[in-house]
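Chemist: Give me coordinates for this.
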Amino acid sequence: METKIIFLILAVVAVSCGSPKSNDDNDNNIINNTTPGIIFEKPSRMQAFCLGDTIDIILKFAVPEFKYDSITLSFNNDSTSLKLNSLSVRVPLNTGRVGTQSVRINVYARDTSFSESQIVNCFSDITPVLYKYKILKKYKHDQGDYTQGLIFENGNIYEGTGQKGESVLKKYRLETGELLQSYNIPAEDFGEGIVKHGNSVFQLTWQSGVAYKYDAETFKMTNKFVVQTEGWGITNYNGNLIMSDGSNLLYVLSAESFDVIKRIEVFDNVGPVGQLNELEYIDGKVFANVYMTDFIVIIDPESGRVEGKIDLSGLIDQCDNKEDAEVLNGIAWKGEKNKILVTGKWWSNMFYIEYVK
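Modeler: Here you go, the predicted structure:
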């Protein structure tokens, strides 16, 4: 969470585009049924590529004279595989998603078969669009709120705040600040992101390993769930929920059980994008504050690629009172294209902005 800075260090290995070697080891006559093991000469472990790159696959057997019937290649244990005619081939990395990828080789011979995998890294194949901002309207915001989650609905703001003993779920009028509903979560919990899903509001906690579910009208707690990671941000996603934990991972969760359905790795064209914090789902994309920065990133949740970055540098200077104001955090959508509500931790104002290229 906020007090834990995650450093992601990734060695980027240059991709060779030279012609692959030829190899005539493929022979349908079996002379040795011993399982010899197969070695990846290329790619190397955690070698970096971009989505869609053509990569060299160069293999050899630990027992050079081993003869095989056939070899297949697949990515990420996909049921679709490619039959190889040689131990040296070039194949496109068209897996449809970024992040760590498994290159799996299956070897078939008479009375035996075996496999070996190599892990590579896949960066985004696009440069994110850079956006700046224009302030459309400025609202008052309670500077006592350490903002962790923000939702707009029907002229009202749902807000979740942090700090042990001070964490609150509240609902108020955006225009006037009139408080409509409030609930103090247990003093031992550090409140985190919130999401309204149907007639319920879910609220994460940072390190308590629990998420709370409330009735959206009364704020009566109706359930709580175990969370296996730290809780940072949360939003809706295709009938489910999607959560951040401060890394470059997003977790798709069941709204019924909070079970993890899948994990999404988030990368741009230079590597993993970590410190993902407060989230908002807008027109099929996930908007995320990047903790300790002035950036909001726009993520395609299907591929994990960062498609855009909104630079909000200088916005904090537009607050009526900058004293004690901390980092940008909080995104809410009123439904208008390229326009969002944003605020920060202990900010005296909330801003309605338009982001423009």
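Chemist: the domain parsing of the protein - what is it?
Modeler: The record, using automatic domain parsing to delimit domains, assigns the chain the ranges 1-123, 129-356.
Chemist: Could you dump these into CSV and include mean neighbour count and mean pLDDT?
Modeler: All C-beta atoms are positioned from the backbone trio N, CA, C, and that covers glycine. As requested, the domains of the chain are arranged in CSV below (neighbours: other C-beta atoms under 10 Å; pLDDT from 0 to 100):
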stretch, mean neighbour count, mean pLDDT
domain 1-123, 15, 77
domain 129-356, 19, 96
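Chemist: Quick check: Trp232 touching Asn289?
Modeler: No. Between Trp232 and Asn289 there is no contact under C-beta atoms under 8 Å: 9.2 Å.
Chemist: what touches both of the two?
Modeler: Taking C-beta atoms under 8 Å, 6 or more residues apart in numbering as the contact rule, Trp232 and Asn289 both touch Leu276, Asn277, Glu278.
Chemist: Which strand or helix spans the second one?
Modeler: Which is Asn277. Taking DSSP states H and E as the criterion, the element that holds Asn277 is strand 276-282.
Chemist: outside of that strand, which residues touch it?
Modeler: Counting contacts by C-beta under 8 Å, 6+ apart, the residues outside strand 276-282 that touch it are 147-150, 193, 232-237, 242-244, 246-250, 266, 286-291, 297, 329-333, 340.
Chemist: mind listing the helices for the stretch 251-357 of the chain?
Modeler: Secondary structure of the stretch 251-357 of the chain by DSSP state H, counting those that start in this stretch: no helices are present.
Chemist: for the chain, same thing?
Modeler: Secondary structure of the chain by DSSP state H: no helices are present.
Chemist: and which of the shared contacts of Trp232 and Asn289 is nearest Ser79?
Modeler: The shortest approach to Ser79 among those belongs to Leu276, at 30.7 Å (C-beta to C-beta).
Chemist: Identify the bridge partners of that closest one.
Modeler: Beta-bridge partners for Leu276, by DSSP bridges, are Val290.
Chemist: for the nearest residue to Glu175 once chain neighbours are set aside, what are its contacts?
Modeler: Distances taken as C-beta to C-beta, 6 or more residues apart in numbering place Gly155 nearest to Glu175, at 7.0 Å, with adjacent residues excluded. Gly155 makes contact with Arg173, Leu174, Glu175, according to C-beta under 8 Å, 6+ apart.
Chemist: so can I have JSON lines of the residues you listed showing distance to Asn121?
Modeler: Formatted as JSON lines, the entries for those read as follows, by distance: C-beta to C-beta, whole Å:
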{"residue": "Arg173", "distance to Asn121": "47"}
{"residue": "Leu174", "distance to Asn121": "43"}
{"residue": "Glu175", "distance to Asn121": "47"}
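Chemist: Identify those among those residues that sit within strands.
Modeler: Taking DSSP state E, the ones among the contacts of Gly155 that sit in strands are Arg173.
Chemist: returning to what we had before: need the shared contacts of Trp232 and Asn289 in CSV with distance to Asn184, can you?
Modeler: As requested, the shared contacts of Trp232 and Asn289 are exported to CSV (distance: C-beta to C-beta, whole Å):
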residue, distance to Asn184
Leu276, 27
Asn277, 22
Glu278, 20
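Chemist: For Ile105, which non-adjacent residue is closest in space?
Modeler: Spatial nearest neighbour of Ile105, excluding adjacent residues (C-beta to C-beta, 6+ apart): Glu116 at 5.3 Å.
Chemist: gap between that neighbour and Leu179?
Modeler: 61 Å (C-beta to C-beta, to the nearest Å).
Chemist: And Asn248, by the same measure?
Modeler: 36 Å.
Chemist: now do Glu323
Modeler: 23 Å.
Chemist: Gln101 now?
Modeler: Applying C-beta to C-beta to Gln101 and Leu179 gives a distance of 49 Å.
Chemist: Repeat that for Lys337.
Modeler: Between Lys337 and Leu179 the computed distance is 30 Å (C-beta to C-beta).
Chemist: ditto for Phe61
Modeler: When C-beta to C-beta is the yardstick, Phe61 and Leu179 sit 71 Å from each other.
Chemist: Contacts only, for the nearest residue to Leu312 once chain neighbours are set aside.
Modeler: Spatial nearest neighbour of Leu312, chain neighbours left out: Asp294 (4.7 Å); criterion: C-beta to C-beta, 6+ apart. Under the criterion of C-beta under 8 Å, 6+ apart, the contact partners of Asp294 comprise Asp311, Leu312, Ser313, Gly314, Leu315, Leu328.
Chemist: Among those residues, which one lies nearest to Met221?
Modeler: Comparing every one of the contacts of Asp294 with Met221 (C-beta to C-beta), the shortest separation belongs to Leu328, at 29.6 Å.
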